[in-house]
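# structure for this input, please:
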Amino acid sequence: MSASSEKRLIFIHGWATDKSVWDGLAQEIAGEDPFLNINLPGHGGKIVWDEPTLKPAKKEVLNLMEGHRGPIVAIGWSLGAQTIIALASEYPDLFKGIILVGATARFCSDTDNDQSYGQSKALVRRMIMDMKRSPAETLRRFYSLNFTPEELLTDGARMFIERYRYPGPVECKEMPPGCFPTFKYNELTTALEALYATDLTASLGAVKAKTLLVHGGRDNVCHVNAGRSLASAIKVARLVIFEDAGHVPFITEPERFASCVKGFLDGL
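Got it, this is the predicted structure:
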């Protein structure tokens, strides 16, 4: 892109992962444009996820955006996408464009048979309790749920699951013993409680930014109907469905994903 069309990109990961989910892909998409790759609170971020709302996530993003000028495009997956929706509805002029991957306005559906959003409330309540008792086993089940059975056989899925295997990734300020865990599991549980409580449906009409929605047709975390609902409710939105993908199409189909996103960016 030329300097006149330069955009600052912001990448935000999903629940119980970190910014490394975008490794390589963020640079591929951004090209020569500057970008920020953000860790949310409890996932390696700087502040504490201390309440069951999206406020800590929004604060982390706004703090890191402070001082950055020019058109900003936010790319978020799952929890990161919800954070972007919340910010884009609260601050309609904050983003020039938004890209929402595996997104939903509500992580919880009212019943087990309701596929309009994500998981049933009963299942997420059990998951919250399980996180408090045994985060290792709870996350092991969750990480596999992100992929279809076929995707689980791929290198991308195996690398994803291995990276986040309990106790999760580490950050090193220096050589060991200077390493420390990225994840704070009590805060991840609070973030899950925020997902349980959050309903952004009424806010979608306030989103002004041009929106690209990318959703896996076989997403078992947030049903593809959640993407369809978002596409209907956001003023300027386009939905692209990766029919054979699960919840993480940018991991399992990275070339197609990058091409789709770059095409959207070129049109802004």
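# count of residues packed around the spatially closest residue to Ser203 that is not a sequence neighbour?
Spatial nearest neighbour of Ser203, chain neighbours left out: Ser89 (3.8 Å); criterion: Cβ to Cβ, 6 or more residues apart in numbering. (Each C-beta comes from the backbone N, C-alpha and C, glycine too.) Using other Cβ atoms under 10 Å, Ser89 has 19 other residues around it.
# can you name the helix or strand that Gln82 falls in?
Per DSSP states H and E, Gln82 falls inside helix 79-90.
# ok, back up a step: what's the spacing between the residue nearest to Ser203 and Leu64?
Ser89 sits at a distance of 19 Å from Leu64 (criterion: Cβ to Cβ, to the nearest Å).
# which residue lies nearest the spatial centre of this structure?
Nearest to the geometric centre of the chain sits Trp77, at 2.3 Å (Cα atoms, centre = their mean).
# okay, and the beta partners of that one?
Trp77 has these beta-bridge partners by DSSP bridges: Val101.
# residues in contact with it?
Contact analysis of Trp77 by Cβ atoms under 8 Å, 6 or more residues apart in numbering lists 12-14, 21, 101-103, 248, 250.
# Phe107: neighbouring residues, count only.
For Phe107, the tally of surrounding residues (other Cβ under 10 Å) stands at 25.
# and Asp114, by the same measure?
By other Cβ under 10 Å, the residues close to Asp114 number 15.
# what sits opposite the closest residue to it other than its chain neighbours in the beta ladder?
The shortest distance from Asp114 to any non-neighbouring residue, by Cβ to Cβ, 6+ apart, is to Ser120 (7.4 Å). Beta-bridge pairing for Ser120 (DSSP bridges): Ser109.
# what segments of the chain are helices?
Secondary structure of the chain (DSSP state H): helices at 25-30, 55-65, 79-90, 121-133, 135-145, 155-163, 185-197, 224-233, 249-252, 254-266.
# turn these into JSON lines, including distance to Lys7 and mean pLDDT.
Output for the helices of the chain, formatted as JSON lines (distance: least, Cβ to Cβ, whole Å; pLDDT from 0 to 100):
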{"stretch": "helix 25-30", "distance to Lys7": "9", "mean pLDDT": "96"}
{"stretch": "helix 55-65", "distance to Lys7": "13", "mean pLDDT": "96"}
{"stretch": "helix 79-90", "distance to Lys7": "15", "mean pLDDT": "98"}
{"stretch": "helix 121-133", "distance to Lys7": "35", "mean pLDDT": "96"}
{"stretch": "helix 135-145", "distance to Lys7": "32", "mean pLDDT": "96"}
{"stretch": "helix 155-163", "distance to Lys7": "27", "mean pLDDT": "95"}
{"stretch": "helix 185-197", "distance to Lys7": "28", "mean pLDDT": "97"}
{"stretch": "helix 224-233", "distance to Lys7": "22", "mean pLDDT": "96"}
{"stretch": "helix 249-252", "distance to Lys7": "18", "mean pLDDT": "98"}
{"stretch": "helix 254-266", "distance to Lys7": "7", "mean pLDDT": "97"}
